[in-house]
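**Q** please work out how this folds:
(one chain, ligands or ions: 1)
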Amino acid sequence: MRIYDEKVNHLENPIGFAMDETVFSWKVSEAKGQRQKAARVVVARDVSLSDVIVDTGWTADADSLGFSVSVPLSPRFRYYWNVSVRDDAGDEATGDVQFFETGKRDEPWNAKWITCDNANPRHPYFTRTINIKKPVSTTRLYICGLGLYEAEINGARVGDEYFTPYCNDYDKWVQAQTFDMTSLIQKAGGSAEISVLLGNGWYKSRYGYDALEEKGYYGDEWKLIAEIRITYEDGSVEIIGTDETWQVERSNITYSGIYDGERVDDTLKAEATVNAEACEPPKGKLEDRRSLPVRVQQELKPIELIHTPAGELVFDIGQEITGIFELRVDVPRGQQVHIQTGEILQGGNFYRDNLRTAKSEYIYISDGRPAVIRPKFTFYGYRYVKVEGAPDLKPEDFTALAMWSDIKDTGSIVTGHKLLNKFISNVRWGGRDNFLDIPTDCPQRDERMGWTGDAQVFTNTATYMSDTYAFYSKFLYDMGREQEDNKGAVPVVIPSAGHNDIVSVWGDAACIMPWNLYVLYGDKSILRQQYDSMKTWVEYVRAVDGDDHGWRKTLQLGDWLALDYPAAFDPERCMGGTDEGFIASVYYAASAEIVSKAAAVLGYTEDAENYKELSERIFNDVGHDYYTPGGRCAVDTQTGLVLTLKYHLSCDEEWTKARLRHLFECNDNKLRTGFVGTPLLCNVLTEYGMEDIAWKLLLNEDYPGWLREVKLGATTVWERWNSLDDDGKITGTSMNSMNHYAYGSVVEWIYRHVAGLNFTEAAVGCRKAVVEPLVNKDLQYADTTYDSPAGLWRSRWEYLDDSHVKINVTVPFGCSATLVLPGDGKGTQELVAGKYEFIIGGCASSAHEI
Ligand code: BGC
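**A** Residues are numbered from 1 along each chain as shown. The predicted model follows:
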């Protein structure tokens with residue numbers, strides 16, 4: 001037996017993270033038995049686990065998906081733990097020792113918030129020299145700097161994270177990070193200079209939907225707080241906190257901003273050092289971090305250095321990424337190098353008009369010495385990079401640095417269909433590119449915001465592809481905080497940065513996202529964390545809805561970007577053709593139902609009853625207002641009927657199915673859906689036996705369809721079905737990104753139905769799947785793995801010849817599956833943990849465990 005992926009709060013050996021509770025999880029492989037019988041978690045003060053704080057003893061209650069153990073926590077302390085597992089065959093193992101270390105928690109800081117002259121645009125370094133008097137045992141840095149900060153010891157970077165202290169509603173809370181600086185301080189010898197450089201970031205540069213002026217929404221003052229704790233080998237402790245004795249030096253960075261990039265002038269002369277000034281703390285409370293580290297995850301070299309017809313020098317890295325870059329330049333003193341990023345070329349030339357007001361640039365003035373340019377406090381969503389002012393560049397002078405929050409890949413799909421494989425890769429990149437600390441709509445134009453609707457529709461796809469729990473948990477925490485003074489209202493973007501529109505589907509993320517996470521992870525703690533947020537959202541909608549369905553009458557975004565609103569009527573309209581009030585009521589009822597189910601899971605029986613009643617009442621009203629007594633739906637659109645089937649709104653589902661099929665046939669089996677219908681489409685069609693249509697939609701290579709953009713060279717997923725026309729020409733610039741993941745949500749269908757890794761609410765945490773793979777000759781084969789919270793699932797099917805299909809299924813430890821074999825014979829098999837192979841077709845089928 002092997003125990004792996006041991007985590008606390010879904011984090012591996014975390015340092016300095018907020019710990020509202022301590023929830024342990026682990027996975028098991030190579031076991032002799034089928035399932036866990038009992039487990040035991042031991043938490044101790046020392047790595048040898050002899051100074052025990054908690055020993056749960058062997059218990060059958062130790063759920064590997066999330067075992068909440070009460071551990072009395074002190075600030076700044078490293079706890080060690082391990083888990084032992086016993087299975088039903090008597091096999092037993094103990095995992096390696098893990099740790100988690102607390103941050104400052106609620107203890108006061110031995111440091112002051114400090115600032116400097118904020119009128120001087122040169123970004124400040126705050127410095128302090130530390131004399132190391134004795135041999136050092138450990139050193140920690142507790143720190144927060146606003147807008148962004150980067151710390152160094154004697155010129156060596158502390159940690160490898162970018163964009164600390166990350167993005168959230170700074171008026172509510174600001175995040176402090178903990179860094180282990182032991183080796184840096186030990187290396188420093190007798191004297192260590194700590195210097196912390198501050199940038200503007202989300203806090204202090206323009207950020208937000210309507211941010212046109214150059215000023216920060218959250219603040220206009222650089223602020224720093226830091227507490228360094230050096231523990232010497234003799235046991236003594238020295239604490240150095242920020243105060244007025246810290247010095248302020250000025251860097252050569254003269255501007256930084258999320259949308260507009262960075263400016264550096266290396267011809268500037270050093271300014272006289274001055275003392276830091278004490279300042280007011282920021283509005284939000286200083287709390288231990290929840291954001292995952294953002295790191296450089298991949299380096300890419302250009303596939304080409306293009307000399308465009310317009311005479312420009314443009315690097316093409318062959319893939320749209322989010323991140324920064326390194327560029328080697330060697331130009332005369334005073335020479336300005338101007339770098340701009342873009343997503344596509346137009347007419348073979350550099351293009352960036354769809355970035356709207358985001359300048360997305362880097363301006364460098366050289367001091368005449370060779371240099372490597374590397375932005376510090378901005379990021380770009382790009383594939384192409386235009387460089388002016390440095391004529392003699394070679395492809396090897398440029399390196400793209402792709403960044404995303406530290407989220408491990410968990411899923412993979414490879415098929416025999418080239419375009420589909422590329423599409424799946426585009427969706428993965430779209431996920432990475434839009435997971436830079438918050439789930440963004442897009443990474444390039446003047447938005448890059450946590451649009452809740454986009455995040456909501458992509459949750460399941462993202463969670464099949466990668467381990468999203470901790471990432472989303474921070475986003476949802478921020479959502480809850482924003483609701484606090486807002487009567488439960490959930491703004492369309494989180495953090496809202498003042499953009500406070502409230503609409504259905506987007507706001508319903510408050511209920512749908514934690515529920516999706518609970519279903520796939522099987523860990524109740526996300527429901528505990530979010531329960532108030534879920535409930536207050538529904539209460540907000542209830543208040544607006546009043547006695548006359550007022551919620552339907554408020555401004556809604558409807559089936560955003562759907563194609564079925566008559567263009568002749570209003571070509572600019574984005575809401576699609578499905579009645580927005582209908583969508584709003586359906587989502588209201590669905591959210592109330594989720595609150596009821598969450599309440600039941602958490603044991604709040606009264607709430608469970610009340611919200612069930614509310615949900616039924618609203619669904620009834622929808623039935624009354626939008627359906628004939630015979631079950632015909634007044635909202636006769638693809639999305640309208642998909643919602644009808646998903647939520648069982650019509651009393652005549654056969655008719656609804658026939659009508660939906662008819663709508664597709666009348667439209668040449670092409671979709672017309674937007675943000676609401678598209679993510680649900682293929683799943684609902686399949687669940688109602690219409691997978692033939694789902695396949696036509698997925699494999700359609702013409703407009704509008706997922707593979708058309710792949711044929712037109714996409715490397716991520718477009719915002720619109722027609723972002724580019726058939727000649728590759730951009731169709732408009734006002735809202736047209738090449739990197740919006742919302743439509744990539746169809747990948748959930750591939751995991752669930754094409755592979756058949758379909759997990760249900762009946763057995764949360766991926767413990768049971770109904771594996772009914774949808775085999776298709778156009779693909780030849782599909783090989784899918786998902787290292788789920790319960791362990792590694794695999795489904796592989798392959799056409800051996802025209803009439804034979806081989807199916808391989810791996811069911812992880814502790815799990816079971818009902819396998820529904822494809823073909824006329826159908827036939828089901830009940831599978832327990834193990835590896836299986838089936839050959840079906842011809843006149844015989846064979847199955848055996850391998
Ligand atoms: C964003 C979207 C978002 C939408 C809603 C757009 O500007 O990029 O993805 O959901 O607005 O209004």
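**Q** flag every residue of this protein that's near the ligand.
**A** Contacts of the chain with the ligand, taken as CB under 6 Å from any ligand atom, map to 441-442, 447, 451, 453-454, 557, 560, 735, 740. In this view, the C-beta of every residue, glycine as well, is placed from N, C-alpha and C.
**Q** of those residues, buried ones?
**A** Buried residues within these, defined by neighbour count using 16 or more other CB atoms under 10 Å: 441-442, 447, 451, 453-454, 557, 560, 735, 740.
**Q** just the ones of these in helices?
**A** Applying DSSP state H to those, the entries found in helices are 453-454.
**Q** which residue does the stretch 751-850 of the chain have closest to the ligand?
**A** Nearest residue of the stretch 751-850 of the chain to the ligand: Y751, at 23.0 Å (CB to the nearest ligand atom).
**Q** any regions of the stretch 501-650 of the chain where pLDDT drops low?
**A** Across the stretch 501-650 of the chain, the ranges flagged by pLDDT under 70 are 567-568, 571.
**Q** next up, the contacts around the closest residue to the ligand within it.
**A** In the stretch 501-650 of the chain, no residue comes nearer to the ligand than L557, which is 5.2 Å away by CB to the nearest ligand atom. By CB atoms under 8 Å, 6 or more residues apart in numbering, L557 lies in contact with 453, 492, 503, 505-506, 574-575, 580, 675.
**Q** now swap in V174 and tell me
**A** V174 neighbours (CB under 8 Å, 6+ apart): 144, 146, 165, 168, 282, 284-287.
**Q** next SSE downstream of the helix or strand encompassing it?
**A** Using DSSP states H and E, V174 falls within strand 173-180. Next along the chain after strand 173-180, taking DSSP H and E as the criterion, comes helix 182-188.
**Q** list the buried ones in that next one?
**A** Judged by neighbour count (16+ other CB under 10 Å), helix 182-188 contains these buried residues: 184-185, 188.
**Q** ok, so of those, who is nearest Q98?
**A** Using CB to CB, L184 is the member of the buried residues of helix 182-188 that sits closest to Q98, with 24.0 Å.
**Q** just to check, that closest one is in contact with A151?
**A** No - assessed by CB atoms under 8 Å, L184 is found out of contact with A151, at 9.6 Å.
**Q** and E299, how many neighbours?
**A** 12 (other CB atoms under 10 Å).
**Q** that one: what's it in contact with?
**A** For E299, the contacting residues are 399-402, by CB under 8 Å, 6+ apart.
**Q** likewise for Y259?
**A** Counting by CB under 8 Å, 6+ apart, Y259 makes contact with 205-207, 211, 357-360, 445-446, 448.
**Q** by pLDDT, give me the weakest of those.
**A** Of all these, A211 carries the smallest pLDDT score, 78.
**Q** that residue: what's it in contact with?
**A** By CB under 8 Å, 6+ apart, the contact set of A211 is 217, 259, 446, 497.
**Q** which residues in the stretch 501-650 of the chain form strands?
**A** For the stretch 501-650 of the chain, applying DSSP state E, counting those that start in this stretch gives no strands.
**Q** hang on, I meant the stretch 301-450 of the chain
**A** For the stretch 301-450 of the chain, strands defined by DSSP E, counting those that start in this stretch occupy the ranges 304-307, 313-329, 336-342, 345-346, 349-350, 361-365, 371-373, 380-388, 398-405, 411-415, 435-436, 438-439.
**Q** which residue is the nearest non-sequential neighbour of whichever residue of the stretch 151-300 of the chain sits closest to the ligand?
**A** Here the stretch 151-300 of the chain gets closest to the ligand at one residue, Y209, 7.8 Å apart by CB to the nearest ligand atom. Spatial nearest neighbour of Y209, chain neighbours left out: H499 (4.2 Å); criterion: CB to CB, 6 or more residues apart in numbering.
**Q** pretty sure that neighbour contacts D210?
**A** Yes - between H499 and D210 there is a contact at 7.1 Å, judged by CB under 8 Å.
**Q** between these two, which is the more surrounded one?
**A** Per other CB under 10 Å, whichever of H499 and D210 has more neighbours is H499, with 18 against 11.
**Q** show me what contacts the more buried one?
**A** 208-210, 449, 491-493.
**Q** please apply the same query to G216.
**A** 147, 200, 203-207.
**Q** which residue ranges of the stretch 501-650 of the chain form helices?
**A** Here the stretch 501-650 of the chain has its helices, by DSSP state H, counting those that start in this stretch, at 509-521, 525-545, 550-553, 580-602, 605-626, 638-646.
**Q** can you redo the ones you listed as CSV with mean neighbour count?
**A** Formatted as CSV, these follow (neighbours: other CB atoms under 10 Å):
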stretch, mean neighbour count
helix 509-521, 25
helix 525-545, 21
helix 550-553, 18
helix 580-602, 23
helix 605-626, 17
helix 638-646, 25
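**Q** among those, which comes closest to A790?
**A** Across the helices of the stretch 501-650 of the chain, A790 has its closest neighbour in helix 509-521 (9.2 Å, CB to CB).
**Q** and the angle from the closest one to helix 580-602?
**A** 50 degrees (axes from the mean of the first three to the mean of the last three CA atoms, to 10 degrees).
**Q** and helix 509-521, C-alpha only, in PDB?
**A** What follows is helix 509-521, C-alpha atoms only, in PDB (Å, rounded to 0.1, in the frame of the first residue of the first chain):
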ATOM      1  CA  ALA A 509     -21.700  31.300  -8.500                       C
ATOM      2  CA  ALA A 510     -22.000  31.700  -4.800                       C
ATOM      3  CA  CYS A 511     -24.100  28.500  -4.600                       C
ATOM      4  CA  ILE A 512     -23.000  26.600  -7.700                       C
ATOM      5  CA  MET A 513     -19.200  26.800  -7.200                       C
ATOM      6  CA  PRO A 514     -19.000  25.500  -3.600                       C
ATOM      7  CA  TRP A 515     -21.600  22.800  -4.400                       C
ATOM      8  CA  ASN A 516     -19.600  21.600  -7.500                       C
ATOM      9  CA  LEU A 517     -16.400  21.500  -5.400                       C
ATOM     10  CA  TYR A 518     -18.200  19.600  -2.700                       C
ATOM     11  CA  VAL A 519     -19.500  17.000  -5.200                       C
ATOM     12  CA  LEU A 520     -16.200  16.400  -6.800                       C
ATOM     13  CA  TYR A 521     -14.000  16.700  -3.700                       C
END
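**Q** show me the contacts for M403.
**A** For M403, the contacting residues are 162, 294-297, 322-324, 379, 436, by CB under 8 Å, 6+ apart.
**Q** among the contacts of V174, which ones are in strands?
**A** Counting by DSSP state E, these place 144, 146, 285-287 in strands.
**Q** coming back round to it: format the strands of the stretch 301-450 of the chain as TSV; extra columns: mean pLDDT and distance to I114.
**A** Listed next are the strands of the stretch 301-450 of the chain as TSV, based on pLDDT from 0 to 100; distance: least, CB to CB, whole Å:
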stretch	mean pLDDT	distance to I114
strand 304-307	98	45
strand 313-329	98	28
strand 336-342	98	33
strand 345-346	98	47
strand 349-350	98	42
strand 361-365	98	29
strand 371-373	97	30
strand 380-388	98	31
strand 398-405	98	29
strand 411-415	98	46
strand 435-436	98	28
strand 438-439	98	28
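**Q** columns distance to T56 on top of those, output as JSON lines?
**A** Shown next, in JSON lines, are the strands of the stretch 301-450 of the chain (distance: least, CB to CB, whole Å):
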{"stretch": "strand 304-307", "distance to T56": "58"}
{"stretch": "strand 313-329", "distance to T56": "42"}
{"stretch": "strand 336-342", "distance to T56": "52"}
{"stretch": "strand 345-346", "distance to T56": "59"}
{"stretch": "strand 349-350", "distance to T56": "60"}
{"stretch": "strand 361-365", "distance to T56": "53"}
{"stretch": "strand 371-373", "distance to T56": "52"}
{"stretch": "strand 380-388", "distance to T56": "46"}
{"stretch": "strand 398-405", "distance to T56": "31"}
{"stretch": "strand 411-415", "distance to T56": "31"}
{"stretch": "strand 435-436", "distance to T56": "34"}
{"stretch": "strand 438-439", "distance to T56": "35"}
